[in-house]
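Trainee: Okay, sequence plus prediction incoming.
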Amino acid sequence: MAGDPAGAAGVRLVERAEGGRRWPVLLWAPGPGWRMVSTAVVGGGIGPRAWWLNAKVAMDYHHPDPAAHVLEIAAAVGAADGAAGVGEAPGVGMLTAADVTRWTCAQDEGVTAVATVGLGLPVWAAADDATVRRETGTINVLVRLPVALSDAALVNAVVTATEAKTQALVEAGVPGSGTSSDAVCVACPEPGRTPGARVEEYGGPRSQWGLRVARAVHRAVALGTADWTSRHPDGDPHRRWPRT
C-alpha cells in the first residue's frame, strides 16, 4: 500500500481461505450510520451500508454467482462484526484480479479515496465490441466523505470520481478511460447523524466537496497507476498495451 496518510483510510488488509490458498481482501467496516452509492456487484445503488470490501480473485475468475460469492467472502472476513450479521447489515462488495495488497490512498481536506489499479488492457468507454472483449484489468475505488450528501450529490460524486480517475489515466499515458469492469463506491454519513449538520446538495467537480473528491481520487489512482506500470513494463505478459 502506498500513499496512506497516517493510516487515515480506516481500511484493513485481511485474508480469506479458499481453494487451498490465502486470498487478500481490503475491508472497511464502519458499522451503521453510513449511506453509500455504488456500482458494485453487491450493494449497488443507494442506501444504508455498514461495510465495504474489495476482494482479490483469480485472473480467470468464472464464479457462477459472483454476488453470492461476495457475501461468502464478507462472512468469512467478519465484514459485519458486532450485533448484526451480514444479512442484517448490508454492505458493498467488489471483486478484482488486481493485487489488492498494492492499494493506494489519498486525502483532500477530509475526503479519503482508496484505489486498487489493474491495467492489463484499458479501453475507451466508447470502444467497439471487439476491443471490449479483449479487455482485462479492473480499477476499484472507494471514496469516503465526512459530510452527508443528498441522493443527487451522491450520484454526482460518482461521476466526479470517474472523471478524476480518467484524468489520472490520461495524464499517465494510459490509452483508455478505464476498464470495462471498474467499480466505484462513495460513502457518507447518514443525514441527521450529526445534529444540525447540513446535507450537501452538490457533488460536481466545482462544488466544495466534489472538488475534494476529484483531487483525492485523482491522486489515489495516479499513485496506483504509477505503481502498476512500474511493475508491468512494456513486454510484460500482463500488460497488453504499449506506453506512448
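Mentor: Everything's here; your move. Residues are numbered from 1 along each chain as shown.

Trainee: what sits up against the helix or strand containing Leu169?
Mentor: Assessed by DSSP states H and E, Leu169 sits inside helix 151-171. Outside of helix 151-171, the residues within contact range by CB atoms under 8 Å, 6 or more residues apart in numbering are 35, 37, 39, 46, 113, 115, 119, 122, 139, 141, 143, 145, 149, 176-178, 182, 184, 186, 188, 200-205, 207, 209-210, 213-215, 217-219, 221-222, 225. To be clear about C-beta, it is placed using only N, CA and C from the backbone, and glycine gets the same treatment.

Trainee: Show me the residue sitting in the middle of this protein in space.
Mentor: Val141 (2.1 Å; CA atoms, centre = their mean).

Trainee: Name every strand pairing with the helix or strand that that residue is a member of and say which way it goes.
Mentor: Under the criterion of DSSP H and E, Val141 resides in strand 139-144. Taking DSSP bridges as the criterion, strand 139-144 forms sheet pairs with strand 111-117 (antiparallel), strand 183-189 (parallel).

Trainee: Among the ones you listed, single out whichever gets nearest to Leu71.
Mentor: Smallest distance to Leu71 across the strands paired with strand 139-144 (CB to CB): 16.1 Å, for strand 183-189.

Trainee: and the angle for that closest one with helix 151-171?
Mentor: Put simply, strand 183-189 runs at 140 degrees to helix 151-171, going by axes from the mean of the first three to the mean of the last three CA atoms, to 10 degrees.

Trainee: As a check, name the ranges of all helices in this structure.
Mentor: Along the chain, counting by DSSP state H, helices occupy 66-76, 129-133, 151-171, 208-231.

Trainee: want to try TSV for those, with mean neighbour count, mean pLDDT and distance to Lys56 as columns?
Mentor: Below are those laid out as TSV (neighbours: other CB atoms under 10 Å; pLDDT from 0 to 100; distance: least, CB to CB, whole Å):
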stretch	mean neighbour count	mean pLDDT	distance to Lys56
helix 66-76	19	93	10
helix 129-133	10	57	23
helix 151-171	20	98	20
helix 208-231	22	97	14
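
Trainee: mind giving me a markdown table with those helices and columns for distance to Trp103?
Mentor: Output for those, formatted as a markdown table (distance: least, CB to CB, whole Å):
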| stretch | distance to Trp103 |
| --- | --- |
| helix 66-76 | 16 |
| helix 129-133 | 26 |
| helix 151-171 | 15 |
| helix 208-231 | 8 |
